[in-house]
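> Let me see the structure of the following:
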Amino acid sequence: MTHGAPSPDDGEDRQPSSLPVLLEAVLSVGSELELQTTLQHIVDSATELCAARYGALGVVDPERARLTELFTAGLTEAERAAIPHLPDGRRGLLGALINDPRPLMLEDLAQDPRSTGFPPGHPPMRTFLGVPIRVHTEVFGNLYLTEKRGGGPFTEEDLALVRVLASQAGIAIGNARLYETARRRERWIEGAAAVTTTLLAGRPAADALMCVAERARLLADAAAGVVLQPTPEGGMEIVAASTHADPGDLVGTVIEPGSAVLEQLLGGEAVFIEDSATDPRMTTHVRERFGPSMMLPLQSGGQLIGTLALPRARGGPAYDAVDRLLASQFASQAALALVLADAQHDREQLAVYEDRDRIARDLHDLVVQRLFATEMMLESTRRRSANAPTGDTVGEELSRAVDELDSTIQEVRTAIFALQQPPTDAPTTFRGRVLRETGGAAVLLGFQPSVHFAGTVDALLSEPVAGDLLAALRGALAAAHRRAEVGAIEVEVDAVPTRVRLTVSDDGRTESGARGTTLTWEAPL
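Residues are numbered from 1 along each chain as shown. Have a look, this model is predicted:
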């Protein structure tokens, strides 16, 4: 280390003017709570304090022993644009100060054996002063000053002034970091609460995963947010993706079994990657477009739901320790919300099913039994009226009433069966599939076709026969929809041990003008 020695005259001339500048610089660096603004104030103040032409403040990443950010003073926009990339501190004098965080002062930095020269477009620099900035006991970064105005070297007084400023800067940075960490934590907590509220509102599973991916992407300032889930083959597949633009080919991308990162993901471990494009553990074709990434387990109570991945763009800033902690906490909260939402959905479905089952029992126990008793009384009355005088129409009216009641009983039984079907599951029985077909046709027809079943159709029909009859039913319903003035359709399925018959009747007008059409299909069993 080479120290410039100030002349007595210089010290006497400098002392009166340097103290106010120092006090102003100390006050300036402590006036902001925004970390980025505070860092820029520090380097600007140090440059002015020591009459340096150029200044820089490098933020040190202690895990990687390099600079993650570099704030500069004195460089014009044109000079900065002419430098292809700013130093990262992995080598040269900047790296020396990272590896050995002690003040360093040089009269000619080019003569120091640790110097590696300047990148193309970098302005020439000779004199150099470097001081570490500590926050408590941790080295936060380094303050670099070059090219003292007037052409002379930096002095011991310059060093003393910068050390005082660096000490105060450490306090200001500590406060700003606490403030920024609190704000980031608040954003992540609010994001986790919003996701929980949204998921518990009853959104479908696919929308729930997309909600988690999108909210996490925004909070982490990532290029993409994706959710992966295990595949039956033992890999993991992207099932939801959120990006600034169209996710394109992200959804459906699979991490194949045997990938180095897969074992960690399936084991519920978090994986942190500096550069997705070059990390050998990454094997998917989409890795080329991404840089730093976090892959966090979505698990709750020992249940692994999947993995939340948050890759940043190529060349983007690496995730720091606070990012990793907050994102991991968010993933745990989101996983719990997904589990709770799934359980809530199951409870709601069970409640609906139980309610339908209760309604079906009430219909069967009360309505159907009463209708059946009424039908029996009318039938008895009709038989007694058979001996009535000729021309009496009471018997005919009673017969019609009995037929109507019988039809009503069949309709109620059909409604009971429909209520007993699981609310969202596709029906597996032939009865349920017929009801689903007629229910779908009702949307186009504007009315619900009447459906009657006779015999144990579910027990007697094989799958091939059931498929043929359903195809015939769809064709008949489509044909009825094309007929004019159709206002009613009756579907009857009659099964006996030897055969099954499907009859579809409607009251529409045919092309010839005739009213009513009946189509029948019969198949042996």
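
> quick one, phi/psi of the residue most central in space within the chain?
Most central in the chain under CA atoms, centre = their mean is A213, positioned 1.5 Å from the mean C-alpha point. When read as degrees, to the nearest 10, the backbone of A213 gives phi -60, psi -40.

> and what of V139?
Backbone phi and psi, for V139 under degrees, to the nearest 10, turn out to be phi -80, psi 110.

> repeat for the one 5 residues further on
Y144 adopts backbone torsions of phi -120, psi 130, taken as degrees, to the nearest 10.

> Isn't it up against L67?
No - applying CB atoms under 8 Å as the test, Y144 and L67 come out as separate, 10.3 Å apart. Any C-beta I mention is one placed from the backbone N, CA and C, and that applies to glycine too.

> Mind listing the shared neighbours of those two?
Counting by CB atoms under 8 Å, 6 or more residues apart in numbering, the common neighbours of Y144 and L67 are G58, L94.

> So which of these two has more stuff around it?
Y144 (25 against 22; other CB atoms under 10 Å).

> and that one, what is it in contact with?
Y144 makes contact with G55, A56, L57, G58, L94, L97, F128, L129, G130, according to CB under 8 Å, 6+ apart.

> one more time with 7 Å, if that's ok
G55, A56, G58, L94, G130 (CB atoms under 7 Å, 6 or more residues apart in numbering).

> again with G316
So, once contact is read as CB under 7 Å, 6+ apart, G316 ends up touching G291, P292.

> Surely it is in a strand?
No - when classified by DSSP: H, G, I helix; E, B strand; the rest coil, G316 is found to be coil rather than part of a strand.

> about what we covered before: so of the contacts of Y144, which two are at opposite extremes in space?
Checked with CB to CB, these reach their widest spread between G55 and L94, with 13.2 Å between them.

> what about the two, which has more around it?
Set side by side, G55 and L94 give different neighbour counts by other CB under 10 Å, the larger being at G55 (26 against 23).

> what separates the helix or strand containing that one from the chain centre, distance-wise?
When secondary structure is defined using DSSP states H and E, the element that contains G55 is strand 52-61. From the chain centre to the centre of strand 52-61 is a distance of 38 Å (CA atoms, centre = their mean, to the nearest Å).

> helices or strands up against that strand?
The contact analysis (3 or more CB pairs under 7 Å, 6 or more residues apart in numbering; DSSP states H and E) places strand 52-61 against helix 35-49, strand 66-73, strand 138-148.

> what is the mean pLDDT for the next helix-or-strand element following the second one?
Which is strand 66-73. Past strand 66-73, further along toward the C-terminus, the next helix or strand under DSSP H and E is helix 77-82. Looking at helix 77-82 alone, the average pLDDT works out to 80.

> going forward, begin numbering at 124 instead of 1
In the new count, where the first residue is 124, that last one comes out as helix 200-205.

> Go through whichever helix or strand comes after helix 200-205 and flag the buried ones.
Later in the chain than helix 200-205, the nearest helix or strand by DSSP H and E is helix 215-222. Across helix 215-222, burial judged by 16 or more other CB atoms under 10 Å covers G215, L216, L217, G218, A219, L220, I221.

> how about the nearest residue to R214, chain neighbours excluded?
In space, and not counting its chain neighbours, R214 is closest to T239: 5.5 Å by CB to CB, 6 or more residues apart in numbering.

> so which strand or helix has the one you found?
With DSSP H and E as the criterion, the answer for T239 is that it lies in no helix or strand.

> what do you get for the one 10 residues further on?
R249 belongs to no helix or strand when assigned by DSSP H and E.

> I'd like to know how far it sits from A201.
Applying CB to CB, to the nearest Å, the value for R249 to A201 is 21 Å.

> who has more neighbours, those two?
The neighbour count for R249 versus A201, taken as other CB under 10 Å, is higher for R249 (15 against 8).

> what about the closest residue to that one other than its chain neighbours, neighbour count?
Across the structure, with CB to CB, 6+ apart as the measure, the residue nearest R249 apart from its sequence neighbours is D231 (5.3 Å). As a burial measure, the neighbour count of D231 was computed by other CB under 10 Å and equals 13.

> same check, this time on the one 5 residues further on
Other residues lying near P236 total 6 when counted by other CB under 10 Å.

> That one in helix, strand or coil?
Classified using three-state DSSP, P236 is coil.

> V350 contacts L431, doesn't it?
Yes - the pair V350 and L431 passes the contact test of CB atoms under 7 Å, sitting 5.9 Å apart.

> Need the residues touching each of the two.
V335.

> Could I get the full set of helices for the stretch 274-423 of the chain?
In order along the chain, the stretch 274-423 of the chain carries the following helices (DSSP state H, counting those that start in this stretch): 279-322, 328-343, 385-389.

> buried stuff in the last one?
Same thing as helix 385-389. By neighbour count, and taking 16+ other CB under 10 Å as the criterion, the buried residues in helix 385-389 are L385, Q387, L388, L389.

> What are the phi and psi values at the closest residue to T304 other than its chain neighbours?
Of all residues not flanking T304 in the chain, V445 sits nearest, at 5.6 Å (CB to CB, 6+ apart). For V445, the backbone dihedrals are phi -70, psi -40 (criterion: degrees, to the nearest 10).

> Residue ranges in the stretch 474-623 of the chain under the pLDDT threshold?
Where the stretch 474-623 of the chain drops to pLDDT under 70, the residues are 474-475, 478-479, 481, 483-493, 509-518, 520, 527, 529-550, 566.

> show me where it has helices.
With DSSP H, counting those that start in this stretch applied, the stretch 474-623 of the chain shows helices at 492-507, 517-542, 553-568, 580-583, 586-605, listed in chain order.

> Out of these, which gets nearest to T401?
Scanning the helices of the stretch 474-623 of the chain with CB to CB as the criterion, the closest one proves to be helix 553-568, at 52.9 Å.

> The closest one: how far from the chain's middle?
The gap between where helix 553-568 is centred and where its chain is centred comes out at 36 Å by CA atoms, centre = their mean.

> which parts of that helix are buried?
Buried residues in helix 553-568, counted by 16+ other CB under 10 Å: F553, R554, G555, R556, V557, L558, E560, T561, A564, L568.

> same thing with stretch 414-428?
G414, P415, S416, M417, M418, L419, P420, L421, Q422, S423, L427, I428.

> can you check stretch 438-446 too?
Within stretch 438-446, the residues that qualify as buried by neighbour count (16+ other CB under 10 Å) are G439, A441, Y442, D446.

> Read off the pLDDT value for the residue nearest to T304.
What the model reports for V445 is a pLDDT of 88.

> do V627 as well
Confidence score, pLDDT, at V627: 93.

> same thing with R137?
Each residue has a pLDDT score; the one for R137 is 41.

> does A607 have beta-bridge partners, and which?
R632 (DSSP bridges).

> from what I can see it touches R632, true?
Yes - with contact defined as CB under 7 Å, A607 counts as touching R632 (4.6 Å).

> for stretch 266-284, the distance to its chain's centre please.
Per CA atoms, centre = their mean, the displacement of stretch 266-284 from the mean C-alpha position of its chain is 52 Å.

> Return the set of buried residues in it.
Within stretch 266-284, the residues scored as buried using 16+ other CB under 10 Å are 266-271, 276-278, 280-282, 284.

> How about the contacts made by A454?
By CB under 7 Å, 6+ apart, A454 lies in contact with L419, P420, L421, L431.

> switch the cut-off to 8 Å
Taking CB under 8 Å, 6+ apart as the definition of contact, the neighbours of A454 are A339, L419, P420, L421, L431.

> For the first one, list the residues it contacts.
Spelled out, that is A339. For A339, the residues meeting the contact criterion (CB under 8 Å, 6+ apart) are G314, A345, G348, L431, L433, A450, F453, A454, A457.
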